[in-house]
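Q: here is a sequence with its predicted model. Questions after.
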Amino acid sequence: MNYIIFRVLIKWLIVFASIIIYLHCLIKRQRIIKWEDAPPDMRKLIKNHEKKINTGLKILIGSALLWMSVYFMIPAGLDFICILHGEYDVVRGKVVSWDYSDEEEEKERAVTILSADTGEEIGVIVYSVGIRKGDYLEVRYLPHTGYGEIISLKQERIEKDG
């Protein structure tokens, strides 16, 4: 679970640092696009529209950072509280949806598990080798971000005749 906690923390810090840099650029009124740095054939066009271009880019970047804050930073912050209290959720069941990867390389994989206990579908993100539909998983995960670790994996591979 330490690796998962580390990954969530690093992603949270990257978003936080991006917000700080963005706010610094807004306060200092830095230009994102500078007509002086444009190719010679585009300078006149960019010089005439530089303010509109920079305003549009700042709105676009600000919107993206706001979206990341709401959909990642807030849930990650709530999960850090759960980590401090040791409150993890556990789901056991069959994989009904996965990232369609047969690779045997370890990486983040989004899977949906049909809970054997409650019958509801729960989406989690695990760091693992290829997981396929029908595999039976037991995952301990963070309740707000859905990041977790596999406690047990029973693979049910269907071999093709051929």
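A: Perfect, I can see it now. Numbering: from 1, shown residues only.

Q: how about the most centrally placed residue in the chain, secondary structure?
A: What sits nearest the mean C-alpha location of the chain, by Cα atoms, centre = their mean, is residue 72, with 7.1 Å. When classified by DSSP: H, G, I helix; E, B strand; the rest coil, residue 72 comes out as helix.

Q: ok, and the closest non-adjacent residue to it?
A: Using Cβ to Cβ, 6 or more residues apart in numbering and skipping residues adjacent in sequence, the residue nearest residue 72 is residue 15, 6.1 Å away. The way it works is simple: take the backbone N, C-alpha and C, and place the C-beta from them, glycine included.

Q: also residue 146?
A: In space, residue 146 is closest to residue 124, 4.9 Å off (Cβ to Cβ, 6+ apart).

Q: OK, contacts around the residue nearest to residue 72?
A: Under the criterion of Cβ atoms under 8 Å, 6 or more residues apart in numbering, the contact partners of residue 15 comprise 65, 68-69, 72-73.

Q: go through the strand or helix carrying it and flag the buried ones.
A: Counting by DSSP states H and E, the element that carries residue 15 is helix 2-27. Buried residues in helix 2-27, counted by 16 or more other Cβ atoms under 10 Å: 4, 8, 11-12, 15, 19.

Q: and which of those is nearest to residue 130?
A: Comparing the buried residues of helix 2-27 against residue 130 with Cβ to Cβ picks out residue 4 as the nearest, at 18.3 Å.

Q: low-confidence ranges, this structure, go.
A: Applying pLDDT under 70 to the chain picks out residues 100-102, 156-162.

Q: residue boundaries of the strands in it?
A: Assigned by DSSP state E, the strands in the chain fall at 89-97, 107-115, 121-128, 136-141, 147-154.

Q: domains in the protein, by residue range?
A: With domains defined by automatic domain parsing, the chain comprises 2-85, 89-154.

Q: quick one: the helix holding residue 15 to strand 107-115, angle?
A: Using axes from the mean of the first three to the mean of the last three Cα atoms, to 10 degrees, the interaxial angle of helix 2-27 with respect to strand 107-115 works out to 110 degrees.

Q: mind checking how far helix 2-27 is from the chain centre?
A: 12 Å (Cα atoms, centre = their mean, to the nearest Å).

Q: among the contacts of residue 15, which pair sits farthest apart?
A: 65 and 72 (10.4 Å).

Q: identify the residues contacting residue 22.
A: Counting by Cβ under 8 Å, 6+ apart, the residues that residue 22 touches are 61-62, 65.

Q: pull out the buried members of those residues.
A: 61, 65.
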